[in-house]
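*Asks:* pasting the sequence and the predicted coordinates here, then a few questions.
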Amino acid sequence: MKETKNLYKERLIFKCVHDVHRHFKSEMSPFHILQEKNCFPYGCIYFQWKCRLLAKKKTCFRNFTFVGKECFNCKYFYEEKIHQYPEPVRSIEKHKKFIDDYEQFDEWVTQLKQKRVLCEGYVHEVKPEIVLENKGKALRPFLRGILVEFDEGFIENIHFKDRFYLSISTITQNKLQIRKGDHIEFMASLLLDRGRFKFIKSGRFEFYGRGEAPPIKKYDLVLALNSATIQSGQPPKCVKCRMGILADITDTKTGPRRSIVCMQGVPDYKHCHYHIYKNNSGLDETCANSQWHGIRCNQTL
């Protein structure tokens, strides 16, 4: 294997019509299906809470509009056993080939996790690494460190033609001043973050070229976090926007979740203003939020 993509996040492999996946248009990553849930091909069983009154579009005598834990003792409450199966999107031949490639890819990743790995690439973006913590009834963003993003690069002697990340501390960032456009090489340990390639415990940095963009600093990030806002879920246009940071939510009873933190402080993504500009490819919609740490956001949505 001389080159590869991140098969954990390969698109158009599985779909699942489970209710919790409706926000992702029922498309699920191979990592979620084959690694996290291990639900292919036998599926999963869950019990859905139902109400006989609400099912008939009648009004609940306790004025509830959805079924919850307080409905357990109600005579109208019942559970429906549902068995869901993830379905392959591709043809039988193409799906079989993908599974063969996936097993080879997974074996390679297992070997990477057992040693320090040499990585090289051009920095595509440098962003804050944010976590959302439960403080009472509200979530608050906290700065965990810096996340250096690569669009592609080399992992060992393999051309990795997909996105991977390097997680460093703010102290390391102050020393190295990593910025967009840097050509760097480093040693690190691989951590699989729900299918994402994230490297930690890095060292032995070598810079083969420096970018022209200004490096971000901890002071600027702390100021930006004070005005940052948390969006509901993961709106697609916010995921694509460089002002939208995908943050992990800690201490969740329902399992790991992520949400978008807007570094521009837009209260609601639905009310975020956009302007239209014309480039060589025609009309594109871009984020109108202009500045963050002196960097203009021209991310195409």
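*Replies:* Here it is on my side, so go on.
*Asks:* a strand runs through residue 260, doesn't it?
*Replies:* Yes: under DSSP: H, G, I helix; E, B strand; the rest coil, residue 260 sits within a strand.
*Asks:* tell me the contacts of it?
*Replies:* 230, 231, 233, 234, 235, 238, 239, 244, 245, 246, 247, 269 (Cβ atoms under 8 Å, 6 or more residues apart in numbering). All C-beta atoms are positioned from the backbone trio N, CA, C, and that covers glycine.
*Asks:* skip the chain neighbours and tell me the closest residue to residue 217.
*Replies:* The shortest distance from residue 217 to any non-neighbouring residue, by Cβ to Cβ, 6 or more residues apart in numbering, is to residue 174 (7.1 Å).
*Asks:* and that neighbour, helix, strand or coil?
*Replies:* helix.
*Asks:* so it touches residue 219, yeah?
*Replies:* No: with contact defined as Cβ atoms under 8 Å, residue 174 does not count as touching residue 219 (9.9 Å).
*Asks:* from the contact counts, what lies against the lengthiest helix in the chain?
*Replies:* Determined from DSSP state H, the single longest helix within the chain is helix 92-112. If contacts are counted by 3 or more Cβ pairs under 8 Å, 6 or more residues apart in numbering; DSSP states H and E, helix 92-112 sits against strand 183-193.
*Asks:* any idea of the mean pLDDT for whichever helix or strand comes after the strand it packs on?
*Replies:* With elements assigned by DSSP states H and E, the helix or strand that comes after strand 183-193 is strand 196-209. The average pLDDT within strand 196-209 is 94.
*Asks:* residues near the residue nearest to residue 217, how many?
*Replies:* As a burial measure, residue 174 scores 13 neighbours (other Cβ atoms under 10 Å).
*Asks:* which intervals of the stretch 201-301 of the chain have sub-threshold pLDDT?
*Replies:* Within the stretch 201-301 of the chain, the stretches with pLDDT under 70 are 251-256, 273-301.
*Asks:* the spatially most central residue of the chain in helix, strand or coil?
*Replies:* In the chain, the centroid-proximal residue (Cα atoms, centre = their mean) is residue 246; its distance is 5.7 Å. Taken by three-state DSSP, the conformation at residue 246 corresponds to strand.
*Asks:* shouldn't it be in contact with residue 236?
*Replies:* No: applying Cβ under 8 Å as the test, residue 246 and residue 236 come out as separate, 11.9 Å apart.
*Asks:* joint contacts of these two?
*Replies:* In contact with both residue 246 and residue 236: no residue, using Cβ under 8 Å, 6+ apart.
*Asks:* buried subset of the contacts of residue 260?
*Replies:* Buried members of the contacts of residue 260, counted by 16 or more other Cβ atoms under 10 Å: 230, 231, 235, 238, 244, 245, 246, 247, 269.
*Asks:* what's the neighbour count on residue 32?
*Replies:* Residue 32 has 20 nearby residues by other Cβ under 10 Å.
*Asks:* how close does residue 223 sit to residue 143?
*Replies:* 11 Å (Cβ to Cβ, to the nearest Å).
*Asks:* quick one, which of these two is more surrounded?
*Replies:* residue 143 (15 against 12).
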